[in-house]
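**Student:** When you get a sec, could you give me coordinates for this:
(4 chains)
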There are 2 protein chains.
Amino acid sequence: MANKTTIRQKPTITTRTRTGDSNDARPRRTALSRDRIEVESLALIEEVGIDEFSTRKLGQRLGCEAMSIYHYFPSKAHIMDALADRLLAAMPTPDPGLSPAMRLRGFAQNWRTLAVERPRIFPWLSLHRRNSEIGTRMDDEIVACFYDAGLSPERASLGFRVLGYYVQGAALDEGSGYANGTSSLRPLPAAEVAAHFPRVATIARYSDQAHFDTMFELGFTALLREFGLE
Amino acid sequence: MANKTTIRQKPTITTRTRTGDSNDARPRRTALSRDRIEVESLALIEEVGIDEFSTRKLGQRLGCEAMSIYHYFPSKAHIMDALADRLLAAMPTPDPGLSPAMRLRGFAQNWRTLAVERPRIFPWLSLHRRNSEIGTRMDDEIVACFYDAGLSPERASLGFRVLGYYVQGAALDEGSGYANGTSSLRPLPAAEVAAHFPRVATIARYSDQAHFDTMFELGFTALLREFGLE
DNA sequence: TCCCGCATCTTACATTGTAAGCCACGACAC
DNA sequence: GTGTCGTGGCTTACAATGTAAGATGCGGGA
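**Tutor:** Got it, this is the predicted structure:
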């Protein structure tokens, strides 16, 4: 989707003669930095969506040319990587004093919250391997909950995955409403759904935050019980 | 990632003078059709990945120019839509004679199988809203299992979602190994993981099909039980 | 004053989706 | 036969993308 009926932009006429502007009101743009680039990237992504997130638009928002960004990151993929790490790093670690089950609940809660607060980047993040140092550390803290609860390495590994499946699915759903990502170009009109698939139509009635919370708890505790935690 | 150290292609010199070629050995390429375009699209995506899937590469594979495809589909998004419907339509419907729980197991199995058989398109599909007619029908058949088991509309809706969360997460994981999608550009080397995060390293030991199956069953039956099926 | 290096910009190119229009060929009317 | 036309494909063109390669300006040390 490269074309979008856009208006040709004026070629910017870079006012390099900044020096001649004796008034030193310092309209000097904030200097670039990895940090600023990351912050603005996250903001831009939530604004325009991850598909429309481009280095040129980012440059515009930063007040620089697209290529200037490459002085701080060798590629767009490196930026994305940094964003993933930044989001993971920003997640609070559940209080180590809590029970394993409660800590797991905390991790799950964090993940679900992230899905809701950053719905445009979250689907990407959740499909991105968490195998950077910081992501691995987070996984380690999660498995640790199962070990702390006295599970064998095998049971702990299974628990990590099984609970993870559930949390992942829940967060993806909650983050973008009933379903995620692109939609069918010719979706069945709601009226048709109501008429022909009343059961499907009914599901939508339970899509508020309250239901998401109790629904999540329902499955989560069932799985915790399965592993003897709680 | 548009640039890829490619070699400039020869400009094809379209041999329009096909008529002069008296030998009518009919090297005439198979005619285009929606069906053929869909089939080749699916094949191409599994070959090169969904990001590298372009109308030009598709044209090459079909033996036509990219724009010829637009005679059959108004846009690439429409192709993707058709692929989603085709994949859903190809999924076998579990025998209606089976118990609701077993039918649900069948749907889940289908989904997981698809994830493994078409790993390159599956993550996209699973984030694509299933709100075309055919997708809605499938959802309806799934909720129907809960109704058939005697659940109230509310409980059925919750069950649909809760079980769905789990299946979705499981399929995404199984389809691409321990995690999905792009990977960190500087992943922690396995040796580092083994040294500093032995618990995480252990998880990988349970990533074969046998473990996936028992692991999946474990959580799935726990959730079924929670809803009183089985 | 000269020079150097860092940060930023310019230019350029391959690749993408796709709008707009062209053109060949077979089917039909006469 | 000779129009005429629609169908199915092709050509060209353009905006947008990531990014390689190199130019350019500025500030600071010699």
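
**Student:** tell me the domain boundaries of chain A?
**Tutor:** Domain segmentation of chain A under automatic domain parsing yields A:29-82, A:95-226.

**Student:** how about the residue sitting nearest the centre point of chain A, what does it touch?
**Tutor:** To find the centre residue of chain A, average its C-alpha atoms and take the closest one (C-alpha atoms, centre = their mean): that gives A:Phe122, at 2.3 Å. Taking C-beta atoms under 8 Å, 6 or more residues apart in numbering or on different chains as the contact definition, A:Phe122 lies against A:114-115, A:171-172, A:175. C-beta here means a position set from N, CA and C on the backbone, and glycine is covered the same way.

**Student:** For those, work out which two are farthest apart.
**Tutor:** Among those, the pair separated by the greatest distance (C-beta to C-beta) is A:Leu114 and A:Leu172, at 11.3 Å.

**Student:** So these two - more neighbours on which side?
**Tutor:** More neighbours sit around A:Leu172 than around the other of A:Leu114 and A:Leu172, counting by other C-beta atoms under 10 Å in any protein chain shown; the figures are 25 against 20.

**Student:** contacting residues around the more buried one?
**Tutor:** Residues counted as contacts of A:Leu172 (C-beta under 8 Å, 6+ apart) are A:115, A:122-123, A:126, A:180, B:127, B:168-169.

**Student:** at 7 Å instead, please
**Tutor:** In this structure, A:Leu172 makes contact with A:115, A:123, A:126, A:180, B:168, judged by C-beta atoms under 7 Å, 6 or more residues apart in numbering or on different chains.

**Student:** ditto for A:Glu65
**Tutor:** A:Gly59.

**Student:** shaky segments in chain A?
**Tutor:** Applying pLDDT under 70 to chain A flags residues A:1-29, A:177-181.

**Student:** Can you list the residue ranges for helices in chain A?
**Tutor:** When assigned using DSSP state H, the helices of chain A occupy the ranges A:34-48, A:55-62, A:76-90, A:100-117, A:122-127, A:133-148, A:153-175, A:190-196, A:198-203, A:209-226.

**Student:** The first one near chain B at all?
**Tutor:** What that stands for is helix A:34-48. No. Using C-beta under 7 Å from any C-beta of the partner chain, no contact is recorded between helix A:34-48 and chain B, whose separation bottoms out at 14.6 Å.

**Student:** which other residues reach that helix?
**Tutor:** When contacts are taken as C-beta under 7 Å, 6+ apart, the neighbours of helix A:34-48 outside the stretch itself are A:30, A:53, A:57-58, A:61-62, A:69, A:72-73, A:79, A:82-83, A:86, A:118, A:120-121.

**Student:** For A:Val161, the count of nearby residues, please.
**Tutor:** Just to correct that, residue A:161 is Arg rather than Val. For A:Arg161, using other C-beta under 10 Å, the count is 25.

**Student:** Save the domains of chain A as JSON lines, and put in distance to B:Thr136 too.
**Tutor:** Written out in JSON lines, the entries for those read as follows (distance: least, C-beta to C-beta, whole Å):
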{"stretch": "domain A:29-82", "distance to B:Thr136": "25"}
{"stretch": "domain A:95-226", "distance to B:Thr136": "5"}
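
**Student:** Looking at these, which one is packed in the most?
**Tutor:** Counting by mean count of other C-beta atoms under 10 Å in any protein chain shown, domain A:95-226 has the highest mean neighbour count of the domains of chain A, with a mean of 19.

**Student:** Can you give me the end-to-end span of it?
**Tutor:** Using C-alpha to C-alpha, to the nearest Å, the span of domain A:95-226 from its first residue to its last is 24 Å.

**Student:** ok, A:Ser184 touching B:Arg129?
**Tutor:** Yes. With contacts defined as C-beta atoms under 7 Å, A:Ser184 counts as touching B:Arg129 at a distance of 6.0 Å.

**Student:** residues in contact with A:Leu104?
**Tutor:** Applying C-beta under 7 Å, 6+ apart, we find A:Leu104 in contact with A:145, A:163.

**Student:** any idea how far it lies from chain B?
**Tutor:** Summarising the geometry, the distance separating A:Leu104 from chain B, computed by C-beta to the nearest C-beta, to the nearest Å, is 14 Å.

**Student:** Distance-wise, check that residue relative to A:Glu230.
**Tutor:** A:Leu104 sits 9 Å away from A:Glu230 when distances are taken as C-beta to C-beta, to the nearest Å.

**Student:** what about stretch A:204-222, near chain B?
**Tutor:** Yes. Using C-beta under 7 Å from any C-beta, we find that stretch A:204-222 touches chain B at A:206, A:215, A:218-219, A:222.

**Student:** Just the closest of the contacts of helix A:34-48 to DNA strand D, please.
**Tutor:** Of all the contacts of helix A:34-48, DNA strand D sits closest to A:Lys57, with 5.5 Å by C-beta to the nearest atom of the strand.

**Student:** Please name the residues that touch A:Phe146.
**Tutor:** Contacts here follow C-beta under 7 Å, 6+ apart; on that basis A:Phe146 touches A:100, A:156, A:159-160.

**Student:** how about 8 Å then?
**Tutor:** The neighbourhood of A:Phe146, defined by C-beta under 8 Å, 6+ apart, consists of A:100, A:155-156, A:159-160, A:227, A:229.

**Student:** Keep only those that also lie close to DNA strand D.
**Tutor:** Among the contacts of A:Phe146, no residue is within reach of DNA strand D (C-beta under 7 Å from any atom of the strand).

**Student:** Within reach of chain B, which of the residues you listed are there?
**Tutor:** With the criterion set as C-beta under 8 Å from any C-beta of the partner chain, the members of the contacts of A:Phe146 near chain B are A:156, A:160.

**Student:** that older thread, ok, the contacts of A:Leu172 vs DNA strand D, which is closest?
**Tutor:** DNA strand D has its nearest neighbour among the contacts of A:Leu172 in A:Pro123, at 17.3 Å by C-beta to the nearest atom of the strand.

**Student:** Quick check, the closest one in contact with A:Ala171.
**Tutor:** No. Here A:Pro123 lies out of contact with A:Ala171, judged by C-beta atoms under 8 Å, at a distance of 9.4 Å.

**Student:** Look up how far chain B lies from A:Ser184.
**Tutor:** With distances defined as C-beta to the nearest C-beta, the gap from A:Ser184 to chain B amounts to 4 Å.

**Student:** any idea how far DNA strand C is from the closest residue in space to that residue that isn't next to it in sequence?
**Tutor:** Leaving out its chain neighbours, the residue that sits closest to A:Ser184 by C-beta to C-beta, 6 or more residues apart in numbering or on different chains is B:Ser132, at 4.0 Å. If you measure B:Ser132 against DNA strand C using C-beta to the nearest atom of the strand, to the nearest Å, the figure is 18 Å.
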